[in-house]
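In: Following is a predicted model, sequence given first.
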Amino acid sequence: MDRTLPLLTRIQLQLHYWICQGCAQYRRQLLALRQAMRRSTSETHPPENVQLSSIAKARLKEAIRARRD
C-alpha cells in the first residue's frame, strides 16, 4: 500500500487473498481505513483563501498582549 510492488509480487498477493479469507478481510479493512482517513483530512483542512476578519485579528492581538502583561 505504501509503494507499487513488482508485478510478480502483486500476482502472488492476489493469489494469497483468494486463498486466505483472513488476509483478504484485513486488506479490505486497511483500504476502508485509508479511504476514511483521506476523507477526514480533506474535510478538516480549511480552504487556503480563508482569512480572518479585521475584528477577529484585533481580538487575537489584544489577547496576545493581555497574556504578555
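Out: Now that the structure is in, tell me what you want to look at.

In: Can you check what pLDDT the model gives residue 50?
Out: Per-residue pLDDT puts residue 50 at 75.

In: what's the answer for the one 3 residues further on, then?
Out: pLDDT, residue 53: 90.

In: Now do it against residue 66, distance only.
Out: 20 Å (Cβ to Cβ, to the nearest Å). Where C-beta positions appear, they are placed from N, C-alpha and C, glycine not excepted.

In: Give the other helices and strands that the longest helix belonging to the chain contacts.
Out: In the chain, ranked by residue count with DSSP state H as the criterion, the top helix is helix 21-44. Here helix 21-44 touches helix 7-19, going by 3 or more Cβ pairs under 8 Å, 6 or more residues apart in numbering; DSSP states H and E.

In: just to revisit the earlier point, what's the next secondary structure element after the longest helix of the chain?
Out: Downstream of helix 21-44, the next assigned helix or strand under DSSP states H and E is helix 54-68.

In: Need the contact partners of that next one.
Out: The contact list for helix 54-68 (Cβ atoms under 8 Å, 6 or more residues apart in numbering) reads residue 52.

In: pLDDT below threshold where in the protein?
Out: For the chain, applying pLDDT under 70 flags the ranges 1, 42-47.

In: run the last query once more with 80
Out: The model of the chain has pLDDT under 80 over residues 1-2, 40-50, 69.

In: neighbours of residue 13, just the number please.
Out: Neighbourhood size, residue 13 [other Cβ atoms under 10 Å]: 13.
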